[in-house]
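K.L.:
Okay, sequence plus prediction incoming.
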Amino acid sequence: MTSRRVDAYDDYGDWDEEDVRVRPNPRANRPRSKHRPDHADAVPGLVLTIDRGRSTVLVGEDSDDERIATATRARELPRGSIITGDRVELVGDTSGDAGTLARIVRVADRSTLLRRSADDSDQVERSIVANADRMLVVAATTRPEPRPRLIDRYLVAAYDAGIEPMIVLTKTDLEPADAMRALVEPLGVRVFESRSDAPPLTALRRALAGHVTVMVGHSGVGKSTLVNALVPSAERQTGHVNEVTGRGRHTSSSSLMLRVVDDDGRTGWIIDTPGVRSFGLGHVDADHVLRGFPDLDAIAEECPRGCTHRRGAPDCELDAAAADGRLTGPSLARLESLRRLFDSMDAADEPGERAANP
Ligand SMILES: Nc1nc2c(ncn2[C@@H]2O[C@H](COP(=O)(O)OP(=O)(O)OP(=O)(O)O)[C@@H](O)[C@H]2O)c(=O)[nH]1
Ligand SMILES: [Zn+2]
């Protein structure tokens with residue numbers, strides 16, 4: 001069998017409906033069964049992206065017969081139950097040959113789920129990606145102006161979901177990264193600096209190897225530029241920041257999972273998400289966020305039941321620890337930063353950016 005290892009998604013995005021053979025009224029003679037089919041012959045796959053109900057699924061990952069299949073959702077699966085990053089099982093034609101269509105019949109339990117709540121600028125709760133264990137927050141040092149509150153909200157969403165955040169500060173050719181570094185370093189978040197004429201590809205690829213990393217950042221911060229450098233075959237469309245407003249256009253429209261290979265040949269996955277306008281955190285639980293800070297979490301076990309751990313929460317053990325010297329230096333700075341994250345949860349989201357696409 002010939003190797004069809006997928007290094008580039010050459011045909012990503014150009015399936016027409018006409019390519020797909022559809023039998024006329026396929027259900028007409030099928031006996032109705034009360035039992036769901038067992039699908040013992042289903043094969044595993046990884047959902048790389050979804051577009052208008054069609055999933056692009058990697059089948060035979062890392063084998064000689066690795067291939068990309070297009071798949072629909074089985075009727076028994078609810079609408080919206082498949083998202084980028086899902087591990088699924090497929091039946092039907094999983095050859096990936098032109099014009100074929102497979103069917104997703106099962107979605108595996110997820111190790112993590114990154115989602116955002118409905119909020120003022122988006123009325124619907126959205127699941128963003130499944131099974132990511134890392135988040136790469138992309139933030140520009142300038143053009144567009146940094147939005148520290150939004151960065152804090154990404155971090156909260158990551159900690160809440162049990163995802164380890166990292167941050168890359170872009171456009172350091174235009175503005176030094178020091179001020180933004182100071183904002184996130186006390187949290188213990190790993191920081192990379194990037195300028196498009198010299199992106200830190202070796203370090204970033206090494207950090208991505210062996211992980212599934214979801215990349216987030218608001219429009220125009222340089223996500224596509226970075227992905228194109230990390231994954232030379234990606235060819236994500238880059239936008240142009242408006243010289244006057246410093247804002248980017250929303251040029252990417254759906255989440256896409258791409259394979260990254262480091263200098264030692266180790267692979268990882270990066271998921272490029274479209275520029276988000278807002279990040280509703282209504283679903284977030286402070287105790288989940290605390291789990292991202294094991295030192296503080298251990299202290300908070302002594303808190304009164306139902307403690308919110310916010311500034312001024314009555315008898316919060318974190319305050320007691322700050323007062324009696326259990327928390328000093330870097331851990332005290334971490335507490336201060338954690339409280340700032342809680343503030344970002346409680347505040348209304350920033351006004352939504354104007355988006356070119358919904
Ligand atoms: N000077 C400078 N410009 C950059 C850098 N990185 C990206 N840009 C420019 O910033 C603009 C926006 O970059 P994109 O990569 O399209 O940003 P994005 O985050 O993908 O934006 P959306 O697709 O709208 O979410 C483009 O004109 C890039 O050329 C950088 O490090 N330095
Ligand atoms: Zn507390």
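P.N.:
Arrived safely. Ligands and ions are numbered 1, 2, ... in the order given.
K.L.:
got the CA positions of the longest helix seen in the chain in PDB?
P.N.:
Longest helix in the chain, counting residues (DSSP state H): helix 329-346. Extracted C-alpha coordinates of helix 329-346, given in PDB (Å, rounded to 0.1, in the frame of the first residue of the first chain):
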ATOM      1  CA  GLY A 329       7.700  36.700  47.500                       C
ATOM      2  CA  PRO A 330       6.700  34.900  44.300                       C
ATOM      3  CA  SER A 331       3.800  33.000  45.900                       C
ATOM      4  CA  LEU A 332       2.400  36.300  47.200                       C
ATOM      5  CA  ALA A 333       2.600  37.700  43.700                       C
ATOM      6  CA  ARG A 334       0.900  34.700  42.300                       C
ATOM      7  CA  LEU A 335      -2.000  35.200  44.800                       C
ATOM      8  CA  GLU A 336      -2.200  38.800  43.600                       C
ATOM      9  CA  SER A 337      -2.300  37.700  40.000                       C
ATOM     10  CA  LEU A 338      -4.900  35.000  40.700                       C
ATOM     11  CA  ARG A 339      -7.100  37.600  42.400                       C
ATOM     12  CA  ARG A 340      -6.800  39.700  39.200                       C
ATOM     13  CA  LEU A 341      -7.900  36.700  37.200                       C
ATOM     14  CA  PHE A 342     -11.000  36.400  39.500                       C
ATOM     15  CA  ASP A 343     -11.600  40.100  38.900                       C
ATOM     16  CA  SER A 344     -11.700  39.500  35.100                       C
ATOM     17  CA  MET A 345     -14.200  36.700  35.700                       C
ATOM     18  CA  ASP A 346     -16.500  39.000  37.600                       C
END
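K.L.:
list the buried ones in that helix?
P.N.:
Buried residues in helix 329-346, counted by 16 or more other Cβ atoms under 10 Å: 331, 334-335, 337-342, 344-345. In this view, the C-beta of every residue, glycine as well, is placed from N, C-alpha and C.
K.L.:
try stretch 116-132
P.N.:
So, applying 16+ other Cβ under 10 Å, buried residues of stretch 116-132: 116-117, 119, 121-122, 127-132.
K.L.:
Can you tell me what sits against that stretch?
P.N.:
Residues outside stretch 116-132 that contact it (Cβ atoms under 8 Å, 6 or more residues apart in numbering): 47, 80, 83-87, 110-115, 157, 163, 212-214, 255, 271, 273, 276-284, 348-349, 351-352.
K.L.:
tell me the mean pLDDT for it?
P.N.:
On average, the pLDDT along stretch 116-132 is 81.
K.L.:
and that stretch, how far apart are its ends?
P.N.:
With Cα to Cα, to the nearest Å applied, stretch 116-132 spans 15 Å between its terminal residues.
K.L.:
and residue 200, how far is that from ligand 2?
P.N.:
Per Cβ to the ion, to the nearest Å, residue 200 is found 38 Å from ligand 2.
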